[in-house]
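# One predicted model, sequence on top.
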Amino acid sequence: MENFEFYTPTKIYFGRDTHKKVGEIIAGYGFHKILLHYGGGSIHRSGLYNAIVTSLREHDIAWVELGGVSPNPKLSLAKQGMELCRAENVEFILAAGGGSVLDSAKCIADGAANPDVETWEFFEKKREPQGALPVGAILTLAASGSEMSASCVITNEEGWFKRGFNSPYHRPLFSILNPELTFTVSPFQTGCGIVDIMMHTMERYFTLSENVDLTDHLAEGLLKSVIAAGKRAIDNPRDYEARATLMWAGSLSHNDLTGAGRQVFMGVHQMEHELSGMYDFVAHGAGLSVLFPAWAKFQYPYATQRFCQFAVRVWNLEMDYEHPEETAKAGIAATEAFFASLGMPVRLRELGIGAEKLEEMAEKCTFFGKRILPDYKPLGKAEIMEIYRLAL
Ligand code: NZQ
Ligand code: ZN
């Protein structure tokens, strides 16, 4: 087991009706003026907006609001939010939505508290924020794990760069997780969420670190629960227990619990961010679903044992001791088949994407030759190109 730090300061309020306490929770921190931040309208349709403002009024909390966050959230809208926070002396940001809304809120929080810095420099890792406005969340989609993560992922429309960076200031003060709020998530977005949750876990699982048995079993248990609950949530969107399992798994998959004691690569995520950065219509989970099989087919020869463990323990497949590579391949095929059974694409062509921009994406993913992604076989431009081609 490698040395590690584990820091998960976000307070979780989990369960039915918990969102109705939001005013009381915010008042408990002593905030009087907040920004209410949300997406394209789902919180109005579901009644969540009304529940939030009712609770804010009950606790004398004033608010300004900014809606309109799009999937793959954009820097330009976040900049509007920063201006609003400064002009209105906002003390706290409440994000109500999925990962895109949460990340947009985190970006606003960085920018509002660091007015003399060009916010994008944080994403380019040229500077680090010296503080941020506090953020809290009411999550409406189990997927990104942003509700407990240190990460914030934003697209800069100037050049269509999608970049993320980690900061301890990005951990929300609290996150309210009511699985009922996810009943209205479409089958497609539910599938995207299941893939994202699994990939946050699997990208930590496929590691070079030895002797991480406890963390392995936590990850395997999480994956098996998500596979079972995922099927049920697709079949019956109002299955509370299935939605609850997905929601809690989403938080645990990306709060570093399943990475404790390991090196973590996250190469599929890095390659995916180029995909949904360049092609804005691609949902993050759909991009991951396409790229995981390609990445796995490329990497399994360099980590056959690890892929076998995954196949046997997660998918209950028989170990072929004479031909372990067959077991490894069967585990990859089982994963791909599961993603496809959720209605997720598993090839770029299913997204209508051909080879035209693969080279540009590979260049961007290496930061124009400045980085090689650590992995079983490290990923430079040639390797990334090969994986993108395998995904065609
Ligand atoms: O905008 P609204 O109207 O709310 O609609 C959204 C959006 O169209 C809809 N939706 C959300 N909750 C709903 C709902 N529709 C019906 N009922 C509900 N209860 O779903 C659509 C997608 O929402 P989005 O927030 O984009 O999805 P997700 O939560 O998957 O977030 C994806 C973003 O998170 C980033 C991804 O790259 C992507 O930009 N990630 C953030 C991470 C982090 N900060 O830790 C880690 C992840 O790996 C990921 O990169
Ligand atoms: Zn993800």
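Arrived safely. Ligands and ions are numbered 1, 2, ... in the order given.
# which residues touch G145?
The contact partners of G145, taken as C-beta atoms under 8 Å, 6 or more residues apart in numbering, are G99, D196, I197, H200, G250, S251, S253, H254, N255. All C-beta atoms are positioned from the backbone trio N, CA, C, and that covers glycine.
# What score does it have for pLDDT?
For G145, the pLDDT comes out at 98.
# What sits closest to it if chain neighbours are left out?
Of all residues beyond its chain neighbours, the one nearest G145 is H254 (2.5 Å), with distances taken as C-beta to C-beta, 6 or more residues apart in numbering.
# Do I have it right that F206 meets Y302?
No: using C-beta atoms under 8 Å, F206 makes no contact with Y302, being 10.4 Å away.
# And those two? Which one has more around it.
Per other C-beta atoms under 10 Å, whichever of F206 and Y302 has more neighbours is F206, with 26 against 13.
# so where does the residue nearest to the more buried one when sequence neighbours are not counted fall, helix or strand?
For F206, ignoring the flanking residues on the chain, the nearest one in space by C-beta to C-beta, 6+ apart is R306 at 6.1 Å. In this structure, R306 sits in helix 304-315 according to DSSP states H and E.
# For the helix or strand following that helix, name the packing helices and strands.
Next helix or strand after helix 304-315 toward the C-terminus (DSSP H and E): helix 324-341. Applying 3 or more C-beta pairs under 8 Å, 6 or more residues apart in numbering; DSSP states H and E, one finds that helix 324-341 contacts helix 187-205, helix 284-299, helix 304-315.
# any idea how far ligand 1 is from K297?
22 Å (C-beta to the nearest ligand atom, to the nearest Å).
# What residues does that residue make contact with?
By C-beta under 8 Å, 6+ apart, the contact set of K297 is K329, I332, L390.
# show me the contacts for the last one.
It stands for L390. By C-beta under 8 Å, 6+ apart, the neighbours of L390 are P293, A294, K297, F298.
# burial count for the residue of the stretch 201-350 of the chain found nearest ligand 1?
Per C-beta to the nearest ligand atom, H284 is where the stretch 201-350 of the chain lies closest to ligand 1, at 3.7 Å. Residues within reach of H284, counting by other C-beta under 10 Å, total 26.
# circling back to that earlier point, kindly reformat the contacts of K297 as CSV containing pLDDT and distance to ligand 1.
Listed next are the contacts of K297 as CSV, based on pLDDT from 0 to 100; distance: C-beta to the nearest ligand atom, whole Å:
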residue, pLDDT, distance to ligand 1
K329, 98, 26
I332, 98, 21
L390, 98, 21
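# As JSON lines, the residues you listed with distance to R86 would be great.
Output for these, formatted as JSON lines (distance: C-beta to C-beta, whole Å):
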{"residue": "K329", "distance to R86": "55"}
{"residue": "I332", "distance to R86": "49"}
{"residue": "L390", "distance to R86": "47"}
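# Assign the closest residue to the residue of the stretch 201-350 of the chain closest to ligand 1 other than its chain neighbours to helix, strand or coil.
Excluding the flanking residues, the one nearest H284 by C-beta to C-beta, 6+ apart is S276, at 5.5 Å. Here S276 is helix, with the state taken from DSSP: H, G, I helix; E, B strand; the rest coil.
# what sits against S276?
N72, T155, K162, V282, A283, H284, G287.
# what about 7 Å?
For S276, the contact set (C-beta atoms under 7 Å, 6 or more residues apart in numbering) comprises N72, K162, V282, H284, G287.
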